[in-house]
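In: Got a predicted model here, sequence first, then my questions.
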Amino acid sequence: MSDSSTYSRGDSFEIKTFELFKKLLDNDDFYVSGKRSKIFRKKGYYSEKRKSEIIFDIAIETYLNNNSNYSLLTLIECKNYQSSVPVNDLEEFDSKIRQISEHNTKGILITNSTFQSGLYNFAQSAGIGLARVNGDDEFEWLVHRKANNDALLKKSDAIILLENDSDSRPNFLAMNGEFVLQTVTELLIQSQVIDFFTYKEKFINIPFITAQKIDNIVQKLEGYDVFNGKLLDEMKLCRFLETKYPVTFDFETTLPDNILGKITFSPLKIQVSKSLKPDINRWRFTLAHKIGHLILHSKLLQEKVTEKTDTDYSLSFKYAVSEATTKRLEYQANLFASHLLLPISTLIKEVATYFAKENIYKRALYWDNQPVNQNLVFNLLTRLSTLYGVSVEVVRIRLIALGLLIDNRYKSIKDVLKEMRYM
């Protein structure tokens with residue numbers, strides 16, 4: 001490949017990355033305020049060692065308290081490689097940052113490939129963020145962690161480090177009470193100036209989970225006597241989960257701002273708003289959804305966010321957001337809830353019984369404009385809704401996923417699937 005094509009490919013990736021960061025700032029979704037920040041491409045910053053400027057791929061200058069000079073500088077290096085990004089590239093980037101102004105500068109290394117294994121340790125010790133741009137043009141943050149008091153330095157340990165003249169002496173320390181923080185980002189989080197790590201779950205990489213894996217989890221739960229016949233006994237399930245997780249449940253608090261359910265991670269606690277109690281089907285689905293987050297996502301989320309809340313919108317299978325991660329997070333919890341409340345082990349038998357009673361010999365019911373078919377579908381949906389304590393809509397989506405209902409009111413089955421999954 002010629003040098004010109006390599007540069008062209010690199011410029012294209014830089015432009016894409018620039019636009020992604022600009023979008024984060026425009027939506028105020030970055031760790032610094034978008035309204036107080038300016039973003040640049042190929043901007044230079046003076047290096048005393050070089051006696052000249054060092055040009056960075058992308059720079060974000062953040063201005064606090066109406067200062068004329070920036071208070072925080074975020075420098076971003078883009079690597080459009082076909083192979084893994086080597087440690088040497090990060091070391092070179094770190095060296096450039098140090099020549100500019102390391103104490104108020106945050107570095108982020110971006111690639112569309114992968115990073116060599118040794119690079120992660122260096123990034124964490126240097127306080128440099130790592131991210132990958134995936135195929136959906138979303139950032140997968142690989143070195144970003146919520147500030148955690150258990151991981152902070154104690155004042156006595158910091159003094160020892162400062163008295164050390166070796167290479168292990170830290171470049172940045174800030175005291176906050178009895179704890180000492182080693183990066184500007186941790187300081188801003190602890191001071192509650194920013195909350196990037198606390199509430200931005202869309203920057204977390206959520207792995208794909210198959211429906212079969214969720215069915216396997218539900219089948220294991222069925223073996224622990226958490227069902228009364230076909231109906232999930234939510235109180236039995238909660239008591240069982242309390243023996244497996246350090247979790248508590250609260251159903252007596254009315255949550256604010258249209259929040260129906262919430263899971264917090266420190267301490268681990270699940271809440272379903274008291275306001276939902278009159279609508280038992282929504283209450284049960286919300287609880288099952290939060291339990292889905294507990295079982296499927298708690299290990300991923302507890303180190304990076306403090307809580308996860310849900311509203312009517314996020315609890316809908318029609319939930320549509322631009323961030324693939326958030327959409328997948330909610331889809332998986334919704335999928336878990338529908339499988340838990342309508343377990344396949346009994347649901348298939350109930351549908352087979354209904355088909356036999358109504359002399360239905362096809363593998364699925366068809367929901368179209370014919371009154372006979374509409375009647376058959378309506379009777380099945382209402383029967384299962386009553387039997388399992390869920391809404392008709394949850395039953396409809398579950399049967400479609402199992403291939404037991406074809407909803408021809410839609411143009412195609414793909415339109416239905418778009419409601420259900422991240423595609």
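Out: In hand now; what should we look at?

In: Please work out how many residues are found near Gln389.
Out: No, residue 389 isn't Gln; it's Gly. Gly389 has 18 neighbouring residues, counting by other CB atoms under 10 Å. Placement of C-beta: from N, CA and C, glycine included.

In: Return the set of buried residues in stretch 400-411.
Out: 400-401, 404-407 (16 or more other CB atoms under 10 Å).

In: which one of those is nearest Ser68?
Out: Nearest to Ser68 among those: Ala401, at 57.9 Å, using CB to CB.

In: Just read off the phi/psi values of that closest one.
Out: The phi/psi pair for Ala401 (degrees, to the nearest 10) reads phi -60, psi -30.

In: any idea of the pLDDT on Phe115?
Out: Phe115 carries a pLDDT value of 87.

In: now do Lys244
Out: pLDDT, Lys244: 93.

In: Then Ser68?
Out: Per the predicted model, pLDDT is 81 at Ser68.

In: Can you tell me the SS state at it?
Out: Secondary structure assignment for Ser68 (DSSP: H, G, I helix; E, B strand; the rest coil): coil.

In: show me where pLDDT drops low in the protein?
Out: The model of the chain has pLDDT under 70 over residues 1-10, 65, 102-103, 143-205, 303-304, 313-326, 410-423.

In: Could you chop the chain up by domain?
Out: According to automatic domain parsing, the chain comprises the domains 3-144, 146-199, 211-338, 344-420.

In: gap between the two ends of the third one?
Out: From its first residue to its last, domain 211-338 covers 11 Å (CA to CA, to the nearest Å).

In: Just give me how far it sits from the chain centre.
Out: Centroid displacement of domain 211-338 relative to its chain, using CA atoms, centre = their mean, to the nearest Å, is 15 Å.

In: Check which residues of stretch 377-385 are buried.
Out: By neighbour count with 16+ other CB under 10 Å, stretch 377-385 contains the buried residues 377, 380-381, 384-385.

In: before we move on, back to that, and the buried residues of stretch 400-411 as a markdown table, adding secondary structure and distance to Ile344?
Out: What follows is the buried residues of stretch 400-411, written out as a markdown table (DSSP: H, G, I helix; E, B strand; the rest coil; distance: CB to CB, whole Å):
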| residue | secondary structure | distance to Ile344 |
| --- | --- | --- |
| Ile400 | helix | 14 |
| Ala401 | helix | 10 |
| Leu404 | coil | 11 |
| Leu405 | strand | 14 |
| Ile406 | strand | 19 |
| Asp407 | strand | 20 |
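
In: and which of those is nearest Leu75?
Out: When these are compared for distance to Leu75 (CB to CB), Ala401 comes out closest, at 46.2 Å.

In: do you know how far the closest one is from Phe336?
Out: Plainly put, Ala401 is 13 Å away from Phe336 if you go by CB to CB, to the nearest Å.

In: And for Ser391?
Out: For Ser391 relative to Phe336 (CB to CB), the value is 16 Å.
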